[in-house]
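[1] Here is my input; please provide its structure:
(chains A and B)
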Amino acid sequence: MIESAVFGLLSAMILVPAILAVTLKNIFHCALWLVVSLTGVGGMFALLGADFLFVSQILVYAGGITVLLLFVVLLSGSPKDWVVKQVNAQWGWGLILTGIFVGLLAALFRKLPAAPVPNPSEPTTARLGLLLIRDWVFPFEAISLVLLAALIGAVHFSKRDKTSC
Amino acid sequence: MARGPWTVTGPWAPSQSAESIRRRYISSALVLAAFLLPLFVLTILVGEPDKYFHQAHGFVTQWVANKGGPDWIGSAILIAVPCMVVLTLIQVLPIFLVWWEMKIAAHIQVRLGPMRVGRFHGVLQTIADGIKLLLKEDLVPAGADRWVHFVAPIVAVAPALVCFAPIPLGHAGLAPVGLDVGLLFVLGVSGLSVIGLLMAGWGSNNKYSMLGGLRAAAQVVSYEIPRVISLLPVVMWAGSLQLGEIMMKQSGAWAGFLPKWFIFYPIVGQISFIIYLISSIAETNRTPFDIAEAESELTSGFHTEYSGMKWAMFFMAEYAYMFLACALGAVLFLGGGNPLHSSLGFIPSYVWFFGKTFFLAFLFIWIRWTYPRLRVDRLMEFCWKFLLPWSLANVAVAGFLFLLRMR
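    I've put the predicted structure just below:
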């Protein structure tokens, strides 16, 4: 009973700020609502017993990425962005298609067997570590290579051009 | 006439005679000693508090079950009481820490600091300050974004309180929650406070606040990286992220006298500790890393436009983070609640924990009042070009030593 109440609260905490994040005009407010939504996702992980995912969600998304986002908004945002409309003429069609997609997803989830409920008191970190570093070490290293390439690319593009100045 | 630290001259000279002030000083000192000494003896006689808590909890659960009450009351007590204890502790501690900082700063600068309130060395100074802050007018700038301005102090201070959940305040059983990912939890949730600083900077609609918020975000995000990497060797040697377990791994001693605290591990421990100390000071925005609120450049950065209790909440967040960094340092590097030597085991573990934490807090304050402020670009260079490479090299050295031990 308590779990479903917490689930409802967390769902509201994810959905309402997510809608506000895409509809509000003030981009700083949008970014702040996004933080609330991402924290709610972290809470959902915690409810399902995925403690490591919960902490990584907070650490990476709520604490890291959104701070960078807010940082960019502070540096580049200006009040004239607030009068720009958030949607174009096709928002009605977009809404209908999204509704159909959500309906299909709901129908699909009805057909699927219920997922096994994990034991929330069991820690997951050690098992996750073994899976990542021992069983799936090659895909893990491949992904880290992709991230390294992105990092080097970012450094390359942000380096001051010697010819222009 | 005897001149001592209680003698005040000039226009602030008290109306009473020096002799009566001296008498009041000594009598207050005696009252304090009469209060603190029995308290210390009592802590040693009582020992670890958690066994009494578990007895009381068992008794209450039994009583509720006998009366036919619901069984969730027992677990609610088990969660709520430690949380309330920790919350109260964290909210009361800044009162003491601020007074301590004022006194240490004063003595480093060859002054006396607060001497009047509370008669003995101004022990009640911060309580008077708190009452003053409560009574102050709450100002909101005309051009401010009201909601962002209002919520910012809450966002800044709330993660600081949540962070104390997995920290063992003594032996491993004294943690409110024995979280398996405790260390990551503390590091992750403490990163959320930056959002509060950015909100304060943006919501105040003030250029100094904005600059302060930007600087705070850049600094905290940058120094978070060497801080986390400097803690990796600790996790590697302990083989766990749970703070209680990391602390337990540091019990015992080498050769009978050198405690197995992580700071005494050869090379790795010392480098880790120094990088952790430096980047923790930077994380809490304290001098020499206080460019976010540099008083002489930005008036006071992101909290320029705050007054009264809202300002006090930023202040509380800063001290709570300082205490958090010290507590984490004590648990990870100084063995938490483990005694210095097994013959000193009769002193309860939480006394050891708080002793080590306050020692680190003293170190923080000492550094703050000794070094001048770094320039913005040098601050970033110091983080990215010095701390980060050394912390990465430290992880490599730790791995090498680990391999040597395994062979």
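[2] From now on I want contacts and neighbour counts done on CA atoms only, so please keep to that.
    Will do.
[3] Give the buried residues for the helix or strand hosting residue B:278.
    With the criterion set as DSSP states H and E, the secondary-structure element containing residue B:278 is helix B:268-283. Within helix B:268-283, the residues that qualify as buried by neighbour count (16 or more other Cα atoms under 10 Å in any protein chain shown) are B:268-273, B:275-283.
[4] so residue B:275 makes contact with residue B:232?
    No. Because the distance of 11.7 Å does not satisfy Cα atoms under 8 Å, residue B:275 is recorded as not touching residue B:232.
[5] Spatially nearest residue to the one residue in chain A that gets nearest to chain B, not counting backbone neighbours?
    Checking chain A residue by residue against chain B with Cα to the nearest Cα singles out residue A:59 as nearest, at 4.1 Å. By the measure of Cα to Cα, 6 or more residues apart in numbering or on different chains, the closest residue to residue A:59 outside its immediate chain neighbours is residue B:188, 4.1 Å from it.
[6] Just give me the neighbour total for the one you found.
    Under the neighbour criterion other Cα atoms under 10 Å in any protein chain shown, residue B:188 is assigned a count of 26.
[7] Distance of it relative to residue B:357?
    21 Å (Cα to Cα, to the nearest Å).
[8] what residues does the stretch 301-407 of chain B put near chain A?
    Listed as neighbours of chain A in the stretch 301-407 of chain B under the rule Cα under 8 Å from any Cα of the partner chain: no residues.
[9] Tell me the pLDDT of the nearest residue to residue B:58 once chain neighbours are set aside.
    Nearest non-adjacent residue to residue B:58, counting by Cα to Cα, 6+ apart: residue B:74, 8.0 Å away. Per-residue confidence for residue B:74 comes out at a pLDDT of 75.
[10] so what does the helix or strand harbouring residue B:74 touch, helix or strand wise?
    If you go by DSSP H and E, residue B:74 is part of helix B:72-108. Judged by 3 or more Cα pairs under 8 Å, 6 or more residues apart in numbering or on different chains; DSSP states H and E, helix B:72-108 is in contact with helix B:50-66, helix B:125-135, helix B:308-332, helix B:349-368.
[11] quick one: the last one to helix B:72-108, angle?
    Using axes from the mean of the first three to the mean of the last three Cα atoms, to 10 degrees, one finds that helix B:349-368 and helix B:72-108 are set 40 degrees apart in direction.
[12] Following helix B:349-368 in sequence, what is the next regular element?
    Stepping forward along the backbone from helix B:349-368, the first helix or strand reached (DSSP H and E) is helix B:376-381.
[13] so how many other residues sit close to residue B:142?
    When counting by other Cα under 10 Å, one arrives at 9 neighbours for residue B:142.
[14] Work out the gap between stretch A:51-71 and the centre of the chain.
    Averaging C-alpha coordinates over stretch A:51-71 and over its chain gives two centres that are 9 Å apart (Cα atoms, centre = their mean, to the nearest Å).
[15] End to end on that stretch, go ahead and measure it.
    This stretch, stretch A:51-71, spans 28 Å end to end (Cα to Cα).
[16] per-residue confidence averaged over that stretch?
    The average pLDDT for stretch A:51-71 rounds to 86.
[17] any idea how far chain A is from residue B:85?
    From residue B:85 across to chain A, the span is 24 Å (Cα to the nearest Cα, to the nearest Å).
[18] Quick one: neighbours of that residue, just the number.
    Using other Cα under 10 Å, the number of residues around residue B:85 comes to 11.
[19] which residues touch it?
    Residue B:85 sits next to no residue when contact means Cα atoms under 8 Å, 6 or more residues apart in numbering or on different chains.
[20] contacting residues around stretch A:67-80?
    Applying Cα under 8 Å, 6+ apart, the set of residues contacting stretch A:67-80 is A:26, A:27, A:28, A:31, A:32, B:194, B:195, B:198, B:202, B:214, B:217.
[21] State the number of residues packed around the first one.
    Residue A:26 is surrounded by 17 other residues when neighbours are defined as other Cα under 10 Å.
[22] Now do the same contact list for the closest residue to chain A within chain B.
    Using Cα to the nearest Cα, the point where chain B gets nearest to chain A is residue B:188, with a distance of 4.1 Å. Taking Cα under 8 Å, 6+ apart as the criterion, residue B:188 is in contact with A:55, A:56, A:58, A:59, A:60, A:63.
[23] what's the answer for residue B:323, then?
    Going by Cα under 8 Å, 6+ apart, the list of residues near residue B:323 reads B:357, B:361.
[24] what's the spacing between the worst-scoring helix or strand of chain A on mean pLDDT and its chain's center?
    Evaluated with mean pLDDT, DSSP states H and E, the helix-and-strand set of chain A has its lowest mean pLDDT in helix A:66-76, which scores a mean of 82. Put simply, helix A:66-76 sits 16 Å off its chain's centre (Cα atoms, centre = their mean).
[25] same thing with stretch B:314-327?
    Counting by Cα atoms, centre = their mean, stretch B:314-327 comes out at 4 Å from the chain centroid.
[26] now do stretch B:132-150
    Average the C-alpha atoms of stretch B:132-150, do the same for its chain, and the two points are 26 Å apart (Cα atoms, centre = their mean).
[27] What of stretch A:94-102?
    21 Å.
[28] what sits up against that stretch?
    Counting by Cα under 8 Å, 6+ apart, no residue outside stretch A:94-102 touches it.
[29] Give me the spatial nearest neighbour of the residue most central in space within chain A, chain neighbours excluded.
    Most central residue of chain A, judged by C-alpha distance to the mean C-alpha position with Cα atoms, centre = their mean, is residue A:38 at 5.6 Å. Leaving out its chain neighbours, the residue that sits closest to residue A:38 by Cα to Cα, 6+ apart is residue A:62, at 6.0 Å.
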